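Chemist: next comes the sequence, and after it the predicted model I'd like to discuss.
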Amino acid sequence: MSNYSIKKEANKYKQSEKEYLKRTKGYLWEQYKPFTPPGHLFNDDSLHLIADFCKVLSVLEADKECIILDAGAGGCWVSEWLQRLKFKTVSIDLSIDMLRVGAERLQNKRSVVGDMERIPLINNSVDRIICMHSLHHVPDMELAIKEFYRILSKNGRVVFREPGVGHSNSPASLLARDDFGVLEQDIMIEELYKWCQEAGFKSMVIKPIMYISPQYNMKVEEWRVLKENSHYISKIYKKWSGESWFYKFKDILHLIMRLLFIIKRSIYILIIKIIEVLEIYMLNIERNILFVAYKSAVTEDKKEETSIKALIHLDRNSIDCYPAEELALQVKVTNLSSFEWISSGEIIGDYRLGIKLKDDTGKILDNDFARIGLPLSIKPKEQVNIIGRFSAPKNEGSYILTFDIVKEGKFWFSQYGSERTLVNLKVKTGNKNTL
């Protein structure tokens, strides 16, 4: 079907979307989505939807301050899951019936009945957009993308997770079209790239998705041949960057000699498996599109991995005290990470010095024994001196305190290999105030 004929029938398709829930009687599915409703047989759609949500979230890179638009939200299951993860959401859908189902699921009921071709939000009002399995229902996809660009903030991005080649002619799509009048379209990567570029997006990248292909199997012997030789070829390719042609030629000769010493069967396996894997890889990319468009230019060539590391130095490594005694330690903290540690007084997302309490055998007694706020935000390579104040345990005994930097509600630095600082603590019998 041509773009002209689709746009000509746009109102008909939009009306079908508005009536879709009533005509399909799919209220129960929308209430439980992505899970299978009680009394229904397991559906593979659940696995794909859950996997898709995880993939989208992994490239969204949103923080607690971001406002995320769930575009084409339907029954708002994506919005609900985002809210459970403490994100701020706005849900938009053409169908008020769908949003009524969503209202029962959402904590923050910010939802808007609206057309993605004319989104009823002001310019620069959202920071992230998730468009999951919804763009291909829009008659004028190009116009919708222009609207996404308009409402995104300066450093915003939109993540598309859409079906690609062959979707419109799949049995499920043909059934939806014939029985319920729903518009089902293929989305082509080249077209999506062109529309985003023309809308004004500065950077666009494909994030390849690999689903399991039930029809494809690989024997362990085949995997060994593929792993060993493809790893060697990849190593040479990466090594070539910046090298002279002499060294490249030398590597080619070495590679030829290596192939000559591989038995004939191994060469056959290697070539066949590379072709098979590449074919499956490309089909997955074209049929399961995960595409990110950035409103501002971004550098995708990340030569260094994010470093999450701290150096914590205390003025002593052992303490003798009395039960519940107020303690004060001089602490020197150095930011060895590749990013700034923000200290704003917020409960979630702030960086603090955290203390865990263990017994003398190393068993955790209190994972959140104490927190010490940073006096200011600390940039990479910066060092600050702070006074760590906290109360000793109420019971006498021998303990171990472990000092670590924590991003509240997110992670401890030691989870990423950063060294913790240990202090032996001995709580003596008695009461300091009575001495």
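Modeler: Yep, it's here. Keep in mind the model is a prediction, meaning the values are calculated, not measured. Numbering: from 1, shown residues only.

Chemist: I'd like the distance between the nearest residue to Gly200 once chain neighbours are set aside and Pro37.
Modeler: Spatial nearest neighbour of Gly200, excluding adjacent residues (Cβ to Cβ, 6 or more residues apart in numbering): Tyr149 at 5.0 Å. Glycine gets a C-beta too; all of them are placed from N, C-alpha and C. According to Cβ to Cβ, to the nearest Å, Tyr149 stands 37 Å off from Pro37.

Chemist: Leu57 too?
Modeler: From Leu57 to Pro37 the distance is 24 Å (Cβ to Cβ).

Chemist: show me which of the two is the more surrounded one.
Modeler: More neighbours surround Leu57 than the other of Leu57 and Pro37, with 18 against 14 (other Cβ atoms under 10 Å).

Chemist: flag the shaky bits of the stretch 251-400 of the chain, pLDDT-wise.
Modeler: 251-268, 270, 299-306, 346-348 (pLDDT under 70).

Chemist: how about the helices in it?
Modeler: Assigned by DSSP state H, counting those that start in this stretch, the stretch 251-400 of the chain shows helices spanning 264-287.

Chemist: quick one: the strands in it, in order.
Modeler: In the stretch 251-400 of the chain, the strands defined using DSSP state E, counting those that start in this stretch lie at 288-294, 310-314, 318-321, 326-335, 351-359, 364-373, 383-391, 397-407.

Chemist: buried deepest among those, which one?
Modeler: Most buried of those by mean neighbour count (mean count of other Cβ atoms under 10 Å) is strand 288-294; its value is a mean of 22.

Chemist: and that one, what does it pack against?
Modeler: Helices and strands touching strand 288-294, as assessed by 3 or more Cβ pairs under 8 Å, 6 or more residues apart in numbering; DSSP states H and E, comprise helix 44-60, strand 152-163, helix 189-199, strand 203-206.

Chemist: buried deepest among those, which one?
Modeler: strand 152-163 (a mean of 21).

Chemist: let me know the angle separating that one from helix 44-60.
Modeler: Counting by axes from the mean of the first three to the mean of the last three Cα atoms, to 10 degrees, strand 152-163 lies at 150 degrees to helix 44-60.

Chemist: and strand 152-163, what does it pack onto?
Modeler: helix 44-60, strand 126-132, strand 288-294.

Chemist: which among these is found nearest to Glu17?
Modeler: Each of the helices and strands packed on strand 152-163 has some distance to Glu17 by Cβ to Cβ; the shortest is strand 126-132, at 14.9 Å.

Chemist: sorry, back to before: and the strands of the stretch 251-400 of the chain as CSV, adding distance to Glu80?
Modeler: Shown next, in CSV, are those (distance: least, Cβ to Cβ, whole Å):
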stretch, distance to Glu80
strand 288-294, 21
strand 310-314, 35
strand 318-321, 47
strand 326-335, 36
strand 351-359, 29
strand 364-373, 28
strand 383-391, 38
strand 397-407, 25
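
Chemist: skipping its backbone neighbours, what lies nearest Leu85 in space?
Modeler: Per Cβ to Cβ, 6+ apart, closest to Leu85 is Leu57, 7.7 Å.

Chemist: need the contact list for the closest residue to Ser338 other than its chain neighbours.
Modeler: In this structure, Ser338 finds its nearest non-sequential neighbour in Ser307, 4.3 Å apart by Cβ to Cβ, 6+ apart. Contacts for Ser307 (Cβ atoms under 8 Å, 6 or more residues apart in numbering) come out as Leu336, Ser337, Ser338.

Chemist: quick check: pLDDT value at Lys238.
Modeler: pLDDT for Lys238: 58.

Chemist: which residues does stretch 393-405 contact?
Modeler: So stretch 393-405 is contacted by 310, 312, 314, 319, 323-324, 331, 333, 341, 351-360, 362, 365, 369, 388, 412-414, 418, 420-429 (Cβ under 8 Å, 6+ apart).

Chemist: where does the residue most central in space within the chain land on pLDDT?
Modeler: Of all residues in the chain, the one closest to the mean position by Cα atoms, centre = their mean is Ser58, 1.3 Å from it. At Ser58, the pLDDT value in this model is 92.

Chemist: report the separation between it and Val277.
Modeler: On the measure of Cβ to Cβ, Ser58 and Val277 end up 23 Å apart.

Chemist: same question, Phe53
Modeler: Distance from Phe53 to Val277, counting by Cβ to Cβ: 26 Å.

Chemist: on that earlier part again, how about the helices and strands packed on strand 288-294, which one is nearest Asn288?
Modeler: strand 152-163 (7.1 Å).

Chemist: got the contact list for the very next helix or strand once past that closest one?
Modeler: The first helix or strand that comes after strand 152-163 along the chain, using DSSP states H and E, is helix 171-180. For helix 171-180, the external contacting residues (Cβ under 8 Å, 6+ apart) are Ser16, Tyr20, Arg23, Thr24, His167, Val182, Leu183, Glu184.

Chemist: whichever of those residues end up buried, select them in ChimeraX.
Modeler: Applying 16 or more other Cβ atoms under 10 Å to the contacts of helix 171-180, the buried members can be selected in ChimeraX as follows:
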select :16,20,167,182,183,184
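
Chemist: of the contacts of helix 171-180, which belong to helices?
Modeler: Counting by DSSP state H, the contacts of helix 171-180 place Ser16, Tyr20, Arg23, Thr24 in helices.

Chemist: for the third one, which non-adjacent residue is spatially closest?
Modeler: With Cβ to Cβ, 6+ apart as the criterion, Arg23 has its nearest non-adjacent residue at 5.4 Å, and that residue is Phe180.
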